[in-house]
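Colleague: Give me the fold of what follows.
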Amino acid sequence: MARRTTEHQTRVGPTSPSGRRAGPLDVDAMLADRRTGIIVCCGSGGVGKTTTSAALALRAAEQGRNVVVLTIDPARRLAQSMGIEALDNTPRPVTGVVPSSGGEAGRLDAMMLDMKRTFDEVVESQASPEKAQQILANPFYIALSSSFAGTQEYMAMEKLGQIHRDAKKTGTYDLIVVDTPPSRSALDFLDAPERLSSFLDGRFVRLMMAPARGPAKLMTAGFSLITNSLTKILGAQFLKDLQTFVTALDTVFGGFRQRAQQTYSLLQADGTAFLVVAAPEPDALREAAYFVERLSEDGMPLAGLIVNRASPAPESKLAAEEALAGARRLQGDGSGSVAAALLRLHADQVRLVERERELRDRFATAHPQVPTAVVPALPGDVHDLDGLRQIGDLLADSASAG
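Modeller: Next up, the predicted model:
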């Protein structure tokens, strides 16, 4: 897959002159910029990526944009937080979107990738009804579309391309927010065109398609020997089903490779913004560093890092050492045991905040070009639109706080 030039990569993620760190991530500026048409949220599992995607989509809609949020994560949190009973491959309208700052609200739809249904849609759009039915009933197609390794990433690329093409044609949406699967596999869809090409161009696939692709002379003695051997081992019907499927793969899905490559180019375009989501923990920030480096290597436009669930700093400015010294004095004279316990809790909280800040500073030193937003932890889980609005407010406040 083609990489961007070094000259362009210096544009990825706003950089500060003289090697200084980038400023805070300005979420509202990103959402207000109508040139931003796709936001991709990626990160490891359990860092609040789905909630962040939903909060960004809601905030954009309430600022007047027409938004669809697509989750590839099979978790149901997105549907629950948006008041939708269930999500599927069809965009579902979210009710309760209200305008912010006295303007007009836009539109917000939500959907969850149905891997098999998306694969079926490709077949139905590329083949005649009779041919499509033959493919959909093929046992090899059923296995591939349901559970073949990498199919989810291929179909994620396909669905994003479908939504973008339809939005351009009909004007339905001006912003697509994509919530990717957890862990490093979230970036596997970047490799989808290349991996699909390798599969389609593989030796075995080309061998199985030989009879369909050329004249009878291709049925050489060597090929007949191979197919006869396979027939003895696997059975005639098995081999026939396999050849039927592979031939269909070549004729029907050849266009998918091209569309996937077009979507890859779309992800590299200036209208796309990647957000890496992490928690203030060593493992999560190591994963975030991997995402940042991989996106940079592939020439993807990185907008910034969002650090979720940061521990709130205590209101008191009392240092941890001072709090512990006070606790020891109170404990020593046998009085104020409750006050001593509170001082120790305060010291623990101060140290936790300092440790998290140290982790963020270490990340910023290694990746000074990446703007960052820090979202403090909430007392409870987000389960409705009000909770998503609160997350959106905190994301926006991070810019002013910086």
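Colleague: Could you check stretch 165-176 and say which residues are buried?
Modeller: 167, 173-176 (16 or more other CB atoms under 10 Å). C-beta here means a position set from N, CA and C on the backbone, and glycine is covered the same way.
Colleague: The residues you listed in helices, which ones?
Modeller: Residues of the buried residues of stretch 165-176 located in helices (DSSP state H): A167.
Colleague: Just the closest of the buried residues of stretch 165-176 to A373, please.
Modeller: L175 (18.1 Å; CB to CB).
Colleague: you'd agree that closest one is up against G37?
Modeller: Yes. Using CB atoms under 8 Å, L175 makes contact with G37 at a distance of 6.1 Å.
Colleague: I'd like the distance from L330 to G299, if you could.
Modeller: 59 Å (CB to CB, to the nearest Å).
Colleague: Quick check: of the buried residues of stretch 165-176, which lies closest to S398?
Modeller: Nearest member of the buried residues of stretch 165-176 to S398, counting by CB to CB, is L175, at 20.2 Å.
Colleague: wait, what's in contact with the closest one?
Modeller: 31, 36-39, 57, 60, 65-68 (CB atoms under 8 Å, 6 or more residues apart in numbering).
Colleague: 6 Å - rerun?
Modeller: L175 is in contact with 60, 65, 67, counting by CB atoms under 6 Å, 6 or more residues apart in numbering.
Colleague: Quick one, grab the pLDDT at it.
Modeller: What the model reports as pLDDT for L175 is 98.
Colleague: Please enumerate the helices of the stretch 101-250 of the chain.
Modeller: 115-126, 129-136, 139-147, 151-170, 192-200, 203-213, 221-234, 236-252 (DSSP state H, counting those that start in this stretch).
Colleague: for the fourth one, the distance to its chain's centre please.
Modeller: Meaning helix 151-170. Centroid separation between helix 151-170 and its chain, computed with CA atoms, centre = their mean, to the nearest Å, is 14 Å.
Colleague: and the residue nearest to the spatial centre of the chain, backbone torsions?
Modeller: Central residue of the chain (CA atoms, centre = their mean): T180, 2.3 Å from the mean position. The phi/psi pair for T180 (degrees, to the nearest 10) reads phi -90, psi 170.
Colleague: surely it meets G43?
Modeller: No. The criterion here is CB atoms under 6 Å, and T180 misses it with G43 at 8.0 Å.
Colleague: Quick one: list the elements packing against the lengthiest helix in the chain.
Modeller: When the chain is parsed with DSSP H, its longest helix is helix 337-366. Under the contact criterion of 3 or more CB pairs under 6 Å, 6 or more residues apart in numbering; DSSP states H and E, helix 337-366 touches helix 320-332.
Colleague: Domain boundaries for this protein, per the record?
Modeller: Structural domains assigned to the chain are 22-311+377-396, 315-370, following automatic domain parsing.
Colleague: on that earlier part again, tell me how far the longest helix of the chain lies from the chain's centre.
Modeller: The answer for helix 337-366 is 31 Å, by CA atoms, centre = their mean.
Colleague: Which residues does whichever helix or strand comes after that helix contact?
Modeller: Beyond helix 337-366 on the C-terminal side, the first helix or strand identified by DSSP states H and E is strand 372-376. Contacts with strand 372-376, where a contact means CB under 6 Å, 6+ apart, come from 25, 305-308, 310, 312, 394-395, 398.
Colleague: Buried ones among the residues you listed?
Modeller: With burial judged by 16+ other CB under 10 Å, the buried subset of these is 25, 305-308, 310, 394-395, 398.
Colleague: Can you tell me the number of residues neighbouring the nearest residue to A86 once chain neighbours are set aside?
Modeller: Counting by CB to CB, 6 or more residues apart in numbering, the nearest residue to A86 once its immediate chain neighbours are dropped is A79, at 5.7 Å. Using other CB atoms under 10 Å, A79 has 20 other residues around it.
Colleague: Quick check: T118 vs D188, distance?
Modeller: For T118 relative to D188 (CB to CB), the value is 16 Å.
Colleague: Q80 should be in a helix, yeah?
Modeller: Yes. The assignment for Q80 by DSSP: H, G, I helix; E, B strand; the rest coil puts it in a helix.
Colleague: Quick check, pLDDT for it.
Modeller: 81.
Colleague: How about it: what's its closest non-neighbour residue?
Modeller: H383 (6.0 Å).
Colleague: looking at this, the one you found is in a helix?
Modeller: No. With three-state DSSP as the criterion, H383 is assigned coil and is not in a helix.
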